[in-house]
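Asks: I'd like to go over a predicted model; first the sequence, then the structure.
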There are 2 protein chains.
Amino acid sequence: MNISIKEKILSQLINAKGEPVSGQKLADELNISRTMIWKHLKSIEEDGYVIEAIKKKGYVLQSIPDIVTPEQIIPNLNTKQLGRTIDYYTTCESTQIIAADKAREGAPHGTVVIAEEQTDGRGRLDRSWNSTANKGIWMSVIIRPAISPQFAAQFTLVSAVAITQAIQEVTNLTPEIKWPNDILINGKKVTGILTELQADMDIVHSIIIGIGVNVNQELSAFEESIQKTATSLKIENGEEIDRSLLAAKILYYLEKYGDLYVENGFKPIKILWESHNCTIGKRIRATTLRETLEGVALGITNDGVLEIKLDSGEIRGVYSADIHLLGKN
Amino acid sequence: MNISIKEKILSQLINAKGEPVSGQKLADELNISRTMIWKHLKSIEEDGYVIEAIKKKGYVLQSIPDIVTPEQIIPNLNTKQLGRTIDYYTTCESTQIIAADKAREGAPHGTVVIAEEQTDGRGRLDRSWNSTANKGIWMSVIIRPAISPQFAAQFTLVSAVAITQAIQEVTNLTPEIKWPNDILINGKKVTGILTELQADMDIVHSIIIGIGVNVNQELSAFEESIQKTATSLKIENGEEIDRSLLAAKILYYLEKYGDLYVENGFKPIKILWESHNCTIGKRIRATTLRETLEGVALGITNDGVLEIKLDSGEIRGVYSADIHLLGKN
């Protein structure tokens, strides 16, 4: 675990839950001077934290800014590798582009790139993705599982399950997954997942999982054209969500289910995915690269492929498509 | 088709097959001065071509160097897109690394990177690949087929079939394919293929096919440790092979079978692959990322997966492995 001294001081302040933390004790424990402690505290204040110094008692954390810095995420993190290196931006074009570059340069498994705002966020098929400043989780996670590239697509379903579970834990909402990886709340889209692959035919070099979660936006943050189909956790839940806590939980479940997948294959993931899905049994329209199919979604195969029963009775497997739910069969 | 004036002049000299080509005619046709023609001829001579000037008749090409420059390959090329842009190096670390960078920077479908020598050529699983100067074809081809990444692995088999066909056409040899893509002549390896993938879960961005063919090496060019398992076309054939002609034929069949695959799926490729293969029906040992399997190779599935019947009777599908042929069952 690679935690800077600044992060360690902040961690202690957060964990003290409003009680004062002695400056001398911090200096002794971290083996640095009182002056250095004071400099780190100033730097923490510059990030937006409010710290009160109480004479002869120590420092009290009065308020936490709504930011997704490593200092905010790491104290919430219960992972071995995911999120242990976090590259934070107040604004960037796209976390996915930065992460893809870092992956090629050899960034370790679990490296996270996160931003308060993306100026050119992208979803599947190069569609633009609204990434309002300070209101969502816009992050990309680099993972390096030792698997064949044929199986990489299944990580899209692993990611969907992980994010669903994290949202359920942090809110009282019950998200549903539309195949392959759209997460819906009350039928509206709250999350986008973009999975990129660098591989040769024998082994995956890296998978870069781009995650966008609409967290604290008001409806007016969305363009009119998507106000009927998009939503945020706050809109559905009625209250603000701690974004850094949610980010930490997503990383936790991504590691947990990613490891489960690599060790035990797709079966346990399939069961989890099915338990959260809102696609199977529904009448759907699937638009693939080549054609549009309409029929009933029968289920997913052991490869994560969606099987559709067409009106002709023919059963077709779909690897990649946009799915439109037409209602129950 | 993007052919420089130098390439056009060289093309005319080659196509004249020993007859003189008039300098004035060249100048008129290409709409440049005699001085410019003369400058281009000097530059062609610097590449190793021997040109004789015959008074009042014109220029005669006396000999062609053994090089794989665009000027040598393109006149032999019968493709629409593959090899129409060739990036040539006398020496480089690895054509695959250059091609991967070019692919990310948006190089078009069909771009080729080729070198006379690689100082750090790589094969599958990051193994080192002997790339003797001026004796082989060391090239990487960028293709951008509109397919799902799940199907990209099949391009490994497309490549094997294309190279086999090209070798058969240029030599009198009968190469055989060991699953997935080792090309053997008389049981010894003559070709390595490395297929890299840049993709998201919906679509392939690029496939970079790294091709190494041992063409004109003597046996002494190979390290002692591989002299029993490696060979060159010249060793098997008894005579030198025109490398630029072979490179052009490989590109021709790669385009032909690549297009066939994208339009008609894997079935026709499977038939071609099977007709050249030396794996099916044999007793083999397959070493995968996780385990070693021994049994009889039953065949390949419609996904290109190798099916092995173990001694227990169990049938296992293998996506990626090193195959050791143990002899006929």
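Replies: Looks like it arrived, so ask away.
Asks: Now find how far off-centre stretch A:69-85 is within its chain.
Replies: Its chain's C-alpha centre and that of stretch A:69-85 lie 13 Å apart, by CA atoms, centre = their mean, to the nearest Å.
Asks: residues making contact with it?
Replies: A:1-3, A:6-7, A:10-11, A:14-15, A:44, A:47, A:64-65, A:86, A:88, A:107-112, A:114, A:141, A:143, A:244-245, A:247-249, A:251-252, A:254-255, A:258 (CB atoms under 8 Å, 6 or more residues apart in numbering or on different chains). To be clear about C-beta, it is placed using only N, CA and C from the backbone, and glycine gets the same treatment.
Asks: What of stretch A:304-318?
Replies: Contacts of stretch A:304-318 (CB under 8 Å, 6+ apart): A:153-154, A:156-157, A:179-180, A:266, A:270, A:279, A:284, A:286, A:288, A:293-301, A:319, A:321, A:323.
Asks: Could you look up the SS state of the most centrally placed residue in chain A?
Replies: For chain A, the residue lying nearest the average C-alpha position, counting by CA atoms, centre = their mean, turns out to be A:Ile211 (4.6 Å). Taken by DSSP: H, G, I helix; E, B strand; the rest coil, the conformation at A:Ile211 corresponds to strand.
Asks: In helices, which of the contacts of stretch A:69-85 appear?
Replies: Among the contacts of stretch A:69-85, the members found in helices (DSSP state H) are A:6-7, A:10-11, A:14-15, A:44, A:244-245, A:247-249, A:251-252, A:254-255, A:258.
Asks: Can you flag the buried ones in the residues you listed?
Replies: A:6-7, A:10, A:14, A:44, A:244-245, A:247-249, A:251-252, A:254-255, A:258 (16 or more other CB atoms under 10 Å in any protein chain shown).
Asks: so which of those are also by chain B?
Replies: Near chain B, judged by CB under 8 Å from any CB of the partner chain, there are no entries from these.
Asks: Out of these, which one has the weakest pLDDT?
Replies: pLDDT is lowest at A:Glu7 among these; the value there is 84.
Asks: and it, how far is that from A:Leu30?
Replies: Distance, A:Glu7 to A:Leu30, by CB to CB, to the nearest Å: 11 Å.
Asks: Please apply the same query to A:Lys234.
Replies: Taken as CB to CB, the span from A:Lys234 to A:Leu30 is 37 Å.
Asks: Those two: which is more packed in?
Replies: Set A:Lys234 next to A:Leu30 and count neighbours by other CB atoms under 10 Å in any protein chain shown: A:Lys234 wins out with 19 against 15.
Asks: Wait, that one touches A:Val215, no?
Replies: Yes: the criterion here is CB atoms under 8 Å, and A:Lys234 meets it with A:Val215 at 6.6 Å.
Asks: Need the overlap of contacts for those two.
Replies: A:Ile241.
Asks: Does A:Ser232 touch A:Val215 like I think?
Replies: Yes: the pair A:Ser232 / A:Val215 is scored as a contact, 6.0 Å apart, by CB under 8 Å.
Asks: where does chain A dip in pLDDT?
Replies: A:1-3, A:327-329 (pLDDT under 70).
Asks: Note down every partner strand of the strand or helix carrying A:Val296 and its orientation.
Replies: Per DSSP states H and E, A:Val296 falls inside strand A:292-300. Take DSSP bridges as the rule and strand A:292-300 pairs in its sheet with strand A:282-287 (antiparallel), strand A:306-310 (antiparallel).
Asks: Touching that strand from outside, list them.
Replies: Counting by CB under 8 Å, 6+ apart, A:157, A:179, A:270, A:273-274, A:279-286, A:306-311, A:315-316, A:318, A:321, A:323, A:326, A:329 sit against strand A:292-300.
Asks: could you pull out the strands for chain A?
Replies: A:50-54, A:58-63, A:86-89, A:112-115, A:136-143, A:176-178, A:182-185, A:188-200, A:204-214, A:282-287, A:292-300, A:306-310, A:315-318, A:322-328 (DSSP state E).
Asks: Those: which one's closest to A:Pro20?
Replies: A:Pro20 sits nearest to strand A:58-63 of all these, at 3.8 Å, using CB to CB.
Asks: Flag every residue of the stretch 1-150 of chain A that's near chain B.
Replies: A:124-125, A:146-150.
Asks: What is the distance between stretch A:66-75 and the centre of its chain?
Replies: 14 Å.
Asks: What is the end-to-end distance of that stretch?
Replies: Terminal residues of stretch A:66-75 are spaced 15 Å apart (CA to CA, to the nearest Å).
Asks: give the contact list for the residue in the stretch 1-150 of chain A positioned nearest to chain B.
Replies: Per CB to the nearest CB, A:Ser148 is where the stretch 1-150 of chain A lies closest to chain B, at 4.6 Å. Residues counted as contacts of A:Ser148 (CB under 8 Å, 6+ apart) are A:202-204, B:289, B:319-320.
Asks: Quickly list what the closest residue to A:Ile143 other than its chain neighbours is bridged to.
Replies: Leaving aside its sequence neighbours, A:Ile143 sits nearest to A:Ile207 (CB to CB, 6 or more residues apart in numbering or on different chains; 5.1 Å). Listed beta-bridge partners, A:Ile207: A:Ile143, A:Leu197 (assigned using DSSP bridges).
Asks: what about A:Ile207, how many residues close to it?
Replies: Here the number of neighbours of A:Ile207 (other CB under 10 Å) works out to 27.
Asks: Over to A:Ile226?
Replies: For A:Ile226, the neighbour count with other CB under 10 Å is 12.
Asks: Could you measure from the residue in chain A sticking out farthest from the centre over to A:Gln24?
Replies: Within chain A, the residue lying farthest from the chain centre (CA atoms, centre = their mean) is A:Lys56, at 41.9 Å. The gap separating A:Lys56 from A:Gln24 is 10 Å, by CB to CB.
Asks: now swap in A:Lys228 and tell me
Replies: For A:Lys228 relative to A:Gln24 (CB to CB), the value is 58 Å.
Asks: what's the answer for A:Thr288, then?
Replies: A:Thr288 is 66 Å from A:Gln24, where distance means CB to CB.
Asks: again with A:Gly238
Replies: Separation of A:Gly238 from A:Gln24 (CB to CB): 44 Å.
Asks: List the contacts of the residue nearest to A:Gln150 when sequence neighbours are not counted.
Replies: Nearest residue to A:Gln150 in three dimensions, chain neighbours excluded: B:Tyr319, at 5.3 Å (CB to CB, 6+ apart). Listed by CB under 8 Å, 6+ apart, the contact set of B:Tyr319 reads A:148, A:150-151, B:153, B:288, B:305.
Asks: A:Thr164 contacts A:Ile177, doesn't it?
Replies: Yes: counting by CB under 8 Å, A:Ile177 is a contact partner of A:Thr164 at 6.0 Å.
Asks: any residues in contact with both of the two?
Replies: Listed as contacting both A:Thr164 and A:Ile177 by CB under 8 Å, 6+ apart are A:183, A:276.
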